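Engineer: Here is my input, please return the structure:
(chains A, B and C)
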Amino acid sequence: MSKLIFEKSAPGSNAFDLPPCDVPEQPINIPARFLRDTEPVLPDVSEVEAVRHFVGLSHRAYGVDDGLYPLGSCTMKYNPKINEWAARLPGFACIHPYQPEETVQGALEIMYETGRMLSEITGMDQFTLQPAAGAHGELTGVMIIKAYHNHRGDYNRTKMMVPDSAHGTNPASSNVVGYEVIEIKSNSRGLVDLEDLKAHMGPDIAGLMLTNPNTLGLFEEDIKEIAAIVHEGGGLLYYDGANLNGIMGVTRPGDMGFDIVHSNLHKTFSTPHGGGGPGSGPVGVKEYLAGYLPCPLVAKKDDRYYWDYDRPLSIGRVKAFNGNFGVIVKAYTYMKALGGKGIKEACEQAVLNANYLRCRLQPTYEVPFNRICKHEFVATNKNQHQHGVATLDIAKRLMDFGYHPPTVYFPLIVHEALMIEPTETESRERLDDFAEALLTIAREAENEPDTVKTAPHTTVIKRVDEVTAARKPVLKWEGQ
Amino acid sequence: MRIPEELLYTKDHEWVKVEGQKVWIGITDFAQEHLGDIVFVELPEVDTEVEAGNSVAVIESVKAVSSVYSAVAGTVAEANAELEEAPEKLNEEPYENWILAVEMSNSDGLQGLMNAAAYEQLCLQQEEEQKGE
Amino acid sequence: MRYTPNSSQVALDMLKDIGLNQIEDLFNDIPQELQLGRELDLGPGMTEMEIKQKLNELAGRNVNVEQMPCFLGAGAYDHYIPAALDQMLMRSEFYTAYTPYQAEISQGILQSIFEYQTLICNLTGMDVANASMYDGATALAEACALACESTRRSKVLVPDTIHPEYLQVLKTYAISGNTQIETIPCPNGVLDEKFIAGIDRDTACIVIQQPNFYGNLEDIQAAEQTIHGVKGMLIMVADPISLALLKPPAEWGADIVAGEGQSLGSSLSFGGPYLGFLAVSKKLMRKSPGRIVGQTLDQEGRRSFVLTLQAREQHIRREKATSNICSNQALNALAAAIYFTLVGPRGLKEIALRSHQLALYASKAFTDAGLALKYQAPFFREFAIKVDDPQTVNRRLLSNGIIGGYELEDALLFAFTEKRTRQEIDKLVQVIGGMKNE
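Structural biologist: Below you'll find the predicted structure:
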C-alpha cells in the first residue's frame, strides 16, 4: 500500500533552512488576535524521503510518454520537450505579471504573436489569451454572446442551443451565464438535424454552440447552412475548439461562419495535460465582436508592445493577472516549430491514423457511423454486449495490455460509447499493436468473458468502490 | 421489475400515493435501476412551497443526477431524513421508502398521473427505445 | 520540426490499406469552397536549434527577478522555489498524464491531489478542499456563486480592500444574473463601518481578504457576527504563506475560503499558470465546484483514491451544473504538495517570519528616511509607501537595477519575501529617499 506523506512524517527530519537573517530580529509586530495559536499539521520529512515519495507516486501514473493514450476529444499528442525548456527560461518563468511594459517586451511579443497565429489557424480576427482552460474559454465566449445581445438592447434571447452530442461544458457554461439550454437532435448520419435546428431557431435564441468535427469525429457537412440558419435568426455561432486537430490547416472555423471560437492549447497545440491541468483556452472573435473581449489585450504600435486597456465594451476580466503565460510559451514554440506546413501535416496524419484504426477495428467493434471520420471515431460494445461485456470492462481490460483506455460513455447519444483518438504522433506499429489488443479483448469477450468483466488484473489496484466513496466521502487524511 | 397496482405514476418515474390531502412521492424500480447505486439524496425543507412540475428533490448516483418532481402544487409536509444516512434504501426498496410528502393546495396535478398498467407500457416503450440506440 | 513518426511511404501504405489513394481523400466531406487551399501563414517551421535561438532572444528581452530584486507583490510573490521541486514536476508520468479518471492507473496523481487537499484543509482549518481552480480570482468567483446558490440570495458585499482584479472578475461573472456585486469603499485601507452597516437579510455573503490587497490585517469579528446573524456566509480570501503565522480562516468563522497558491512553488511566469484553492465547511461539500479526490477501498480491500462526488460536475449535470469547470491546475497543485513537503513545517514558518522581519526592517528604514506608510494598520509582508509620482519612482528604481512596487494612485505597494536582503532593501529606501530631496 502506498503511504501518504503524512504517514512518513517524523518530527525533526526536515532540514530546509534559510540563510541567516541579515536584519536585526524584531518581535512580530502583529497583535495576538491575528495570530494562530496552533501549528498547522504539515509533513516533516527529509529531502531524500520527499523525493522518494513523489518519485514513487510517479511510478503509479501513466502519461503520453509511457504509451498510446487514445482519449477521444482530448488530443493526447506528444508533448515536445523543447516546449518545456522554453517555458522554464528565467526570462519567461521569472517575470512578474505587473512588471513595467518595457521590461517584458519579449513576453508581450510571444502573446501578441500567439494571438496572431491562432487567428490565422482559425480564421478569426482577434484573440484573448486570458482564459485559463477550455471550459473557461467557453464561459468567456458565452459571456461575449450575452454582452453582444445586451448591447443591442435585445434581452429576449434567453436560450442557447447545443447539440445532443455536445460536451458537458457547453450546456454547463450556458447555464452558468444564465441561459436556458435547448438541445438540438442529431440525425441518422450523426450530424446536426437541420429541421430540428430550424424548428428551434427564433428570436429567443442567443446562439448555437458547436464542435466541428463533432464529438463523433464527423465533419458537419451542412455547416454553411447551419451558420445561415443561426445568423438569419439573429444568433451567434460559437465554435468549441476541442476538435481542431481534425481540421487545422485544411479548413477554418472562421471561414465556416463561426463568430467566436475557443481553442485548447493543451489539446491541439501540444502543451501537456499535467494530470488534469493547467491548460489554456484562448478565445478568438470576428472583428465586430472584438470590443467585447476580456480586457486588457496585447497591442502593438510601431515596434512596441503594450497592454491595451481602452476597451469600454469589454466584458471585463475573466482571470486575475494574465492568462496562463507558461502554457502559452509552449504553444507558441510548437506553432513556430511546425510552421504552416507542419500544422496541416499534423492534422492530415491525425485523420489518417484515426481512419486506419477505424478500419482495423470494425466490424469486430461496431462503429455506428462507419464512414470517413476526422481525428477520432466512436465505437460501441454492441458485438460484445451479448457476452455480458460492457464498454467499461473493455476499458479496464485494456489497462492489462499497458494502454490507457479511450474515452468511455461519451458522447451520450451513443449507447456504451468508446471514443478513440490516436493523434498524429503515433506510428503505424503502435496503432497495429493497439488494434491487436482490442481485437484480442473482443475474442476474450466471446471465449472467456469473465477475464474481461473482472479486469484489470495487473494494475496496482483493482476496481474501486466508487459508491462508498460518494456515499461516505473521505476527502482528506484524518490521522494525527 | 415491480410496479405496485395500488400506486399512481408520473412519466418521470415517480410513484405517487394519495392519502386525503397529503400526497407521498418516491421513485420507481425503473428509476432506481437506471440511476445505479444512489449515493446522495438532497431533500427539500419542510414548509417549502411547490408548484406542480417543480423539482423538489435531487438524487445523485455515481454516474448521474436526477430531479424528483412534485406532481401537485402545495407545501412540503415531510421529508424522509432516513435517506440522508442511507440513500441506498431507495435502491433496495424504492416503493417502501418515500422521499417526501406534499400537502396539496389543489388536486389538479393528479389528473395527469398514470395507473400501473399505463406506467408499465411507458417503461416497456422506453426500454425498447434504449435497445434500439 | 516534425513530431509525426510515420514516413511518407508508410503514410501512403496506410492510405492504400484503407482503400484510399491520397491524403486529400480523407477530407472530401469538407465542402470545396471551405477548404483553405493555401498554406497557413505561420512561417516555415523551425529546427530545434533555430527555436532555441529565437526563444533565447525573446527571453533575453525581458528583465527577470533573478537579475534584479523584485519588490512587486500584489497577489503574486517572488518566494524561493526549492531545487528538487521542478525535477519532480518534470517526471513525465506526472506532466504528460491526463485527468485521473481511470483510478487503477492513476493512483499516484490521485494520491498527490488527496495530499494537496489535506494540506489546504490543515492550513486553513476548513473541512473540505477541492483539487484546485484556475486561480485565486476565479476561485473567489465560484465561492460567491456557491454562497448565492446556497443562501438563495444574490447580493455579494465586497470591500474595496480586496485585490482589484479579483473584484473585476466578480463583476464579469455577475453577467449571469445570479450574483449582484456591491462594492463598499474603505478609505482607511481596512474594513469600514459602512461595510458592516451594508450587511442585511438580502446579503448572500461578504468577502474579506486577509491580509488585504494593501497588505493590512483585517479585524473580521464584527463583520463575521453580523453576516452570520442574518444567515449569510463569510468568504475569506487567504494568503497561504501568511497562514504559517496567522489565524486560520476557519477560526475566524469562514464558510468558504478561496485564495492564490502561486507562492507555494509555482514560478511567477508572467501571471500564470497559478493555483486557485477553494475550501469549504462540511455542509457545503456536496455543492462545491471542481474536482475532488476521495479515499476508498478497491475490490481487494486496498486503500485507494478516486475522483468522487462527480455528480456535481459538468459532465454529469450538464445544463443543471452550477459550475462549468472541467479541469484543475493539477500540476500546480502537485507543486504545492511538493513545496509543503520540501520546506516542512519549520521551514514554512521561517519563510513567513523572515518575510515579516524584512518588511518590518524596511518600514522602519522608510520612516527613518522621512517617507510615510500610507496606512497605520498592522501588516504581514506587504505595505504601501506614500510617494508623489509612483510611476517616476519606479522608473528611477529600474534604472538603479530594482524592480519596484505596485503602483497605487499616490503610493507604491512593496512586498518582502525571504529572498530579499538587507542590502537590497537599503538600496530601495536610499533611491526613493534620495528622490524626496530633489
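Engineer: Surely C:Asn188 and C:Asp219 touch.
Structural biologist: No: using Cβ atoms under 8 Å, C:Asn188 is not in contact with C:Asp219, being 11.8 Å away. For every residue, glycine as well, the C-beta is placed using N, CA and C.
Engineer: Out of the two, name the residue with the larger neighbour count.
Structural biologist: Taking other Cβ atoms under 10 Å in any protein chain shown, C:Asn188 and C:Asp219 do not tie; C:Asp219 has more neighbours (17 against 13).
Engineer: Go ahead and confirm that one touches C:Val190.
Structural biologist: Yes: between C:Asp219 and C:Val190 there is a contact at 7.2 Å, judged by Cβ under 8 Å.
Engineer: Name the SS class of residue 121, please.
Structural biologist: Since you didn't name a chain, this refers to chain A. With DSSP: H, G, I helix; E, B strand; the rest coil as the basis, A:Ile121 sits in helix.
Engineer: that answer is for a different chain, and I need it for chain B
Structural biologist: Per three-state DSSP, B:Gln121 ends up helix.
Engineer: burial measure for it, as a count.
Structural biologist: When neighbours are counted by other Cβ under 10 Å, B:Gln121 comes out with 11.
Engineer: Tell me, what's the model's pLDDT at it?
Structural biologist: Turning to B:Gln121, the model gives it a pLDDT of 93.
Engineer: How about the one 3 residues further on?
Structural biologist: B:Leu124 carries a pLDDT score of 91 in this model.
Engineer: Nearest to chain C within chain B, name that residue for me.
Structural biologist: Relative to chain C, the nearest point of chain B is B:Glu60 (3.9 Å; Cβ to the nearest Cβ).
Engineer: List every C-alpha atom in the helix or strand hosting that residue, with coordinates, as PDB.
Structural biologist: If you go by DSSP states H and E, B:Glu60 is part of strand B:55-61. What follows is strand B:55-61 as a C-alpha-only set of coordinates in PDB (Å, rounded to 0.1, in the frame of the first residue of the first chain):
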ATOM      1  CA  SER B  55     -38.200  19.900  -8.900                       C
ATOM      2  CA  VAL B  56     -38.400  19.100  -5.200                       C
ATOM      3  CA  ALA B  57     -35.500  16.800  -4.600                       C
ATOM      4  CA  VAL B  58     -32.300  15.700  -6.300                       C
ATOM      5  CA  ILE B  59     -31.000  12.200  -6.400                       C
ATOM      6  CA  GLU B  60     -27.300  11.600  -7.100                       C
ATOM      7  CA  SER B  61     -25.800   8.300  -8.100                       C
END
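Engineer: Quick check: what element follows that strand along the chain?
Structural biologist: From strand B:55-61, the next helix or strand downstream (DSSP H and E) is strand B:65-69.
Engineer: got the buried residues for that next one?
Structural biologist: For strand B:65-69, burial by neighbour count (16 or more other Cβ atoms under 10 Å in any protein chain shown) applies to B:65-66, B:68-69.
Engineer: Next: stretch A:43-55.
Structural biologist: Here stretch A:43-55 shows A:43-47, A:49-51, A:53-54 as buried, counting by 16+ other Cβ under 10 Å.
Engineer: Let me know whether it sits next to chain C.
Structural biologist: Yes: against chain C, stretch A:43-55 shows contacts by Cβ under 8 Å from any Cβ of the partner chain at A:43-45, A:47, A:50-51, A:53-55.
Engineer: how about the residue in the stretch 101-250 of chain C positioned nearest to chain B, phi and psi?
Structural biologist: Nearest to chain B in the stretch 101-250 of chain C, going by Cβ to the nearest Cβ, is C:Arg152, at a distance of 10.7 Å. Backbone geometry at C:Arg152, expressed as degrees, to the nearest 10, gives phi 60, psi 30.
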